[in-house]
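Engineer: Pasting a predicted model and its sequence here:
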Amino acid sequence: MSDRNKSKPAEIQPLEVVKYGHPALRSKGRRIESIDQSIVQLAQEMIETMYVEEGVGLAAQQVGRSLQLAVIDVMPAHEERPSQAWVDGREIEIESLMPLVLINPEIHPVGTRRELGTEGCLSIPGLQDEVDRSARVRVLCQELSGERIEFEAEGLLARAAQHEMDHLNGILFIDHLPAESLQEHQPLLQKLQAKSLPF
């Protein structure tokens, strides 16, 4: 679900990804009331940034904007960490959703099954850990056309959607870690925090 039917905005350039300690990462995004050209431009720049940084997802907070906007593309990791998606109970090709633009998203667990999986974050480079998430989720959002879409997901797409939804609410994946794991990561976190002191 992308904006393939819209004309591509001019001069799409990657944006700077802000790092741990930047206040935007702890801000809850504002709802997007109007999908105007500035939102289309920002979404395209976020997609470009995600590809340049070799991530599978990026939230507006990670480029210093407090908006309910995130982008995802799990295809680069699909062989190693597959995903599945369903619309109205029918399985669909993951490629048909990518790159996915999530505007004002809602995410709801489907069932009670949970899974541990490795996560990292472009805003916390060098840190990865296991995070417990719902194994299957239902995602509701708008795409760039303004159309509302709904699908269910498992695998990396479900994990990425939950990770990005957290970002939109000012939550980082490290917030889900047990205290002992978080303690192990303190030297790196403190180093990143010190670099972002000008903010």
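Structural biologist: Alright, I've got the coordinates. Numbers count the residues shown, from 1 in each chain.
Engineer: quick one: secondary structure of the residue nearest the centre of the chain?
Structural biologist: For the chain, the residue nearest the mean C-alpha position is Glu164 (2.9 Å; CA atoms, centre = their mean). Following DSSP: H, G, I helix; E, B strand; the rest coil, the label given to Glu164 is helix.
Engineer: Show me what the longest helix seen in the chain is packed against.
Structural biologist: In terms of residue count, the longest helix belonging to the chain (DSSP state H) is helix 37-52. Packing contacts for helix 37-52, counted by 3 or more CB pairs under 8 Å, 6 or more residues apart in numbering; DSSP states H and E, involve strand 57-59, strand 69-72, strand 100-109. Bear in mind the C-beta positions are built from the backbone N, C-alpha and C, glycine included.
Engineer: Now do the residue nearest to the centre of the chain against Leu100, distance only.
Structural biologist: 9 Å (CB to CB, to the nearest Å).
Engineer: Helices along the chain, start to end?
Structural biologist: Under DSSP H, the chain gives helices at 37-52, 156-168, 179-184, 186-195.
Engineer: Which positions in the helix or strand bottoming out on mean pLDDT in the chain come out as buried?
Structural biologist: Every helix and strand of the chain was ranked by mean pLDDT, DSSP states H and E. The lowest is helix 186-195, at a mean of 94. Buried positions in helix 186-195, judged by neighbour count with 16 or more other CB atoms under 10 Å: Leu189, Leu192.
Engineer: What are the contacting residues of it?
Structural biologist: By CB atoms under 8 Å, 6 or more residues apart in numbering, the surrounding residues in contact with helix 186-195 are Lys19, Tyr20, Gly21, Ile124, Pro125, Gly126, Leu127, Ile174.
Engineer: how about 7 Å then?
Structural biologist: Lys19, Tyr20, Gly21, Ile124, Gly126, Leu127 (CB atoms under 7 Å, 6 or more residues apart in numbering).
Engineer: Which two of the residues you listed have the greatest separation?
Structural biologist: Gly21 and Gly126 (14.0 Å; CB to CB).
Engineer: what's the span of stretch 180-191, first residue to last?
Structural biologist: In stretch 180-191, first residue to last residue: 18 Å (CA to CA, to the nearest Å).
Engineer: swap that for stretch 79-98, please
Structural biologist: Termini of stretch 79-98 sit 15 Å apart (CA to CA).
Engineer: what about stretch 54-68, average pLDDT?
Structural biologist: Taken as a whole, stretch 54-68 carries a mean pLDDT of 98.
Engineer: swap that for stretch 27-35, please
Structural biologist: 98.
Engineer: Any chance you could list what contacts stretch 160-174?
Structural biologist: Counting by CB under 7 Å, 6+ apart, 25-29, 56-57, 59, 61-62, 68, 70, 72, 74, 102, 105, 107, 119, 121, 124, 131, 133-134, 137, 139, 153, 182, 185 sit against stretch 160-174.
Engineer: In that stretch, which residues are buried?
Structural biologist: Buried residues in stretch 160-174 (16+ other CB under 10 Å): 160-168, 170-174.
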